[in-house]
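J.: Dropping the sequence and predicted coords here.
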Amino acid sequence: MIRDFEYRESDFRIFQSEFSERLPEKIYDSHVHLWAKSNLNISKAEYSTYKVYKPWTDFDYMEEFLYEDYCLYASQAFPGKILMPMAFGSPFPQIDRDRTNDYIIETASLHNMPFYYIPGQYEDMYETERNRNLLKMKGFLGLKPYPDIPVVEGREVSIYDMLNRSALEYADEHGLYIILHIPRKGRLHSQENRRELIECITHYKNARFIIAHVGRAFTYYDVEGLIDFLFPYDNVLFDTALINSETVLTYLLKKADTSGILFGSDAPLAFSRGKDVTINNRHYYVSETQVPWGLSYGSDPLKEFTFYIYEEIRAMLYASREVFGKSERTILEKIFYKNAKSILDSRNFTGSL
């Protein structure tokens, strides 16, 4: 659970006045991290070492985030709506990858939940398939590599460190989806990233690449003129996880095929109170309470913030109204529900919201 989660009357007013009438009744959340405390491979005494790194490794703040936690938070924050997570584990070195994959697989089986598998740097996915029979598991959608898992020396992690040849061939052979958090500090500014993306997309044409966080474009500087080279490819989609920039989402909706855009929250951080802000073309977390990985007002919280996920939705609703006007309802139905439903249908997932 998140240490300071609470649902307030002010949140209810926001939901009722801004979101309730514009969001579809059923929502697929395509980008959710779940893990159990037992998946951690560090001791509680080591928590302070990693909490300054990023929100995801502040285990004093988020020691675990279970399926039940997601359902509780979503039911409170989205009254009258039905949400389903499309989930994967927490892909950081401080969490045991095998144990977090096991937790996701067990949870998916128990709750009829769509899921992704986190591959290792040198993992032979064909051997993994022989041992785990992932393809026979209901709800298995594909792979969720992550740049914090590979270990390299003297250079930044590449896409091929995250996705070795066996993983790419396995995904291509079986038409799997890959949620790709692109590596390198340069993000889409990096020529190496752009080259590797084109190589993967064009060589492994049967795999479907979901570019997470709109290519990690949390600011307009990281999207304008940089993401356009991906739009022509039928096997490329985009998720909007944690993007709360109106300008980024407006750019995406104007340029991309909306059939390939998926709402994702990036829970559990999405249920914290705060917002991303842009300062000099860089994004920063601003939080209601003081945390080592974000900016905050001071020792006394303002109590005027709402959830990141609300700020994400505000930005999307602004962009949809800006681009599509009165015809936005059809677009929002696609982004929040139908596009993800198409993914599940393609994987013969029979569960329903």
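T.: Great, that's in hand. Worth saying up front: this structure is predicted, and the values here are computed from it rather than measured.

J.: remind me which residues of this structure are low pLDDT?
T.: By pLDDT under 70, the low-scoring segments of the chain are 53, 297-302, 352.

J.: quick one: the helices in this structure?
T.: Using DSSP state H, the helices of the chain run over 9-14, 47-50, 67-77, 97-111, 125-132, 159-162, 165-174, 191-203, 213-216, 246-255, 308-324, 328-333, 339-346.

J.: JSON lines for the ones you listed, including mean neighbour count?
T.: No exception for glycine: its C-beta is placed from N, CA and C like everyone else's. Output for the helices of the chain, formatted as JSON lines (neighbours: other CB atoms under 10 Å):
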{"stretch": "helix 9-14", "mean neighbour count": "13"}
{"stretch": "helix 47-50", "mean neighbour count": "14"}
{"stretch": "helix 67-77", "mean neighbour count": "18"}
{"stretch": "helix 97-111", "mean neighbour count": "19"}
{"stretch": "helix 125-132", "mean neighbour count": "14"}
{"stretch": "helix 159-162", "mean neighbour count": "20"}
{"stretch": "helix 165-174", "mean neighbour count": "19"}
{"stretch": "helix 191-203", "mean neighbour count": "16"}
{"stretch": "helix 213-216", "mean neighbour count": "24"}
{"stretch": "helix 246-255", "mean neighbour count": "20"}
{"stretch": "helix 308-324", "mean neighbour count": "21"}
{"stretch": "helix 328-333", "mean neighbour count": "17"}
{"stretch": "helix 339-346", "mean neighbour count": "18"}
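
J.: would you turn these into TSV with distance to Ser265?
T.: Shown next, in TSV, are those (distance: least, CB to CB, whole Å):
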stretch	distance to Ser265
helix 9-14	15
helix 47-50	23
helix 67-77	9
helix 97-111	17
helix 125-132	27
helix 159-162	22
helix 165-174	24
helix 191-203	24
helix 213-216	11
helix 246-255	14
helix 308-324	5
helix 328-333	15
helix 339-346	12
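
J.: which one of those helices lies closest to Glu224?
T.: Comparing the helices of the chain by their distance to Glu224 (CB to CB), the top pick is helix 246-255, with 6.5 Å.

J.: Next, the angle helix 308-324 makes with that closest one.
T.: 40 degrees (axes from the mean of the first three to the mean of the last three CA atoms, to 10 degrees).

J.: Which elements pack onto helix 246-255?
T.: Judged by 3 or more CB pairs under 8 Å, 6 or more residues apart in numbering; DSSP states H and E, the packing partners of helix 246-255 are helix 213-216, helix 308-324.

J.: In contact with His111, which residues?
T.: His111 makes contact with Tyr67, according to CB atoms under 8 Å, 6 or more residues apart in numbering.
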